[in-house]
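J.: what follows is a protein structure lacking sequence information:
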């Protein structure tokens, strides 16, 4: 007897691999969880270079900014609580120096533009239909940076408006890279602060808009059911973090496992297992003052990296970057 609601995911083995250019993940913090697991396995990925982006309008805006070639200057920033900030990004990119904030933002924009030009797959994880506009100029902000709520107005995008944002995103990215595929997912993270009913309406609009866009674009766009895997397959508070809104690490592991089963070949996953083993060695913290022992550990890790590179030349650039950062 089956006590779970399980379902199949249409497989497209090899969509994610080590040789077809970077996979780009943008969107909700749920994208960070799946992206982190790809990074640990040394897949070529770019994960939320601007921090989490929750709504489709902000995701479209950051892609448009990157592809326009715009350079961020101090005039585009504002100063709040000791940091120079931008409404385009998360606080992670902010700094006490305006020049440093501009440098970080411009580097992220350049990286996104370059990676979009050569990527085979862009994964967009949508978190909410709700957007915030700055009252001063009606700009949609990606992050309110804890400014007073009185400076913003909020409302929920309609299904048609979300569809327009997604269509615009597909058109912009495809214009740069005609061969790219766009995978949409909807984050299972619940935005409880908006109210349970409002959260459900928000997710429903995202799901309807994504469905419409995939219907219009055929093979160019596809959907990965991360939302359904958590809400319908796992469907239990055992798989949530303490806040009862974010999926637990176990839940994200399960979603990643289903993702890998659908889109990564068995051969690539065998390579990924070797990469994960080394990644865990690299994350090992020195817990002793025995410098000689730790030096031997580092040397053994470098030998494992060299062996991995010999076996898998496609990982050369990634491994060389790792070795450089070890020194």
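T.: Cool, got the structure. These figures come from a predicted structure and were not determined experimentally.
J.: can you map out the strands along the stretch 51-200 of the chain?
T.: Counting by DSSP state E, counting those that start in this stretch, the stretch 51-200 of the chain has strands at residues 78-80, 83-85, 121-126, 130-134, 140-141, 152-156, 181-186.
J.: out of these, deepest packed?
T.: Most buried of the strands of the stretch 51-200 of the chain by mean neighbour count (mean count of other C-beta atoms under 10 Å) is strand 121-126; its value is a mean of 26. For the C-beta atoms, the positions are set from N, CA and C on the backbone; glycine is no exception.
J.: need the residues that contact that strand.
T.: The set of residues external to strand 121-126 that reach it, using C-beta atoms under 8 Å, 6 or more residues apart in numbering, is 15-16, 20, 23-28, 30-31, 34, 54-56, 59, 116, 162, 166, 169, 173, 180-187, 206, 210, 224, 226.
J.: where does this protein have low pLDDT?
T.: Within the chain, the segments meeting pLDDT under 70 span 1, 286-288, 327.
J.: do I have it right that residue 163 meets residue 213?
T.: Yes - counting by C-beta atoms under 8 Å, residue 213 is a contact partner of residue 163 at 6.0 Å.
J.: nearest to residue 306, out of the strands of the stretch 51-200 of the chain?
T.: Closest approach to residue 306 among these is made by strand 121-126 (29.3 Å; C-beta to C-beta).
J.: just give the strands next to the closest one in its sheet, each with its orientation.
T.: Strands that pair with strand 121-126, judged by DSSP bridges, come out as strand 23-27 (parallel), strand 181-186 (parallel).
J.: before we move on, the earlier item: among the strands of the stretch 51-200 of the chain, which is nearest residue 69?
T.: strand 121-126 (18.9 Å).
J.: run the chain-centre distance for the closest one.
T.: Chain-centre distance of strand 121-126: 7 Å, with C-alpha atoms, centre = their mean, to the nearest Å.
J.: so how many other residues sit close to the residue nearest to residue 165 when sequence neighbours are not counted?
T.: Ranked by C-beta to C-beta, 6 or more residues apart in numbering and with sequence neighbours excluded, the top spatial neighbour of residue 165 is residue 56, at 4.0 Å. Residues lying near residue 56 (other C-beta atoms under 10 Å) number 29.
J.: repeat that for the one 5 residues further on.
T.: By the criterion of other C-beta under 10 Å, residue 61 has 21 neighbours.
J.: and residue 28, by the same measure?
T.: Residue 28: 26 surrounding residues under other C-beta under 10 Å.
J.: about what we covered before: could the strands paired with strand 121-126 go into TSV alongside distance to residue 269?
T.: Formatted as TSV, the strands paired with strand 121-126 follow (distance: least, C-beta to C-beta, whole Å):
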stretch	distance to residue 269
strand 23-27	15
strand 181-186	18
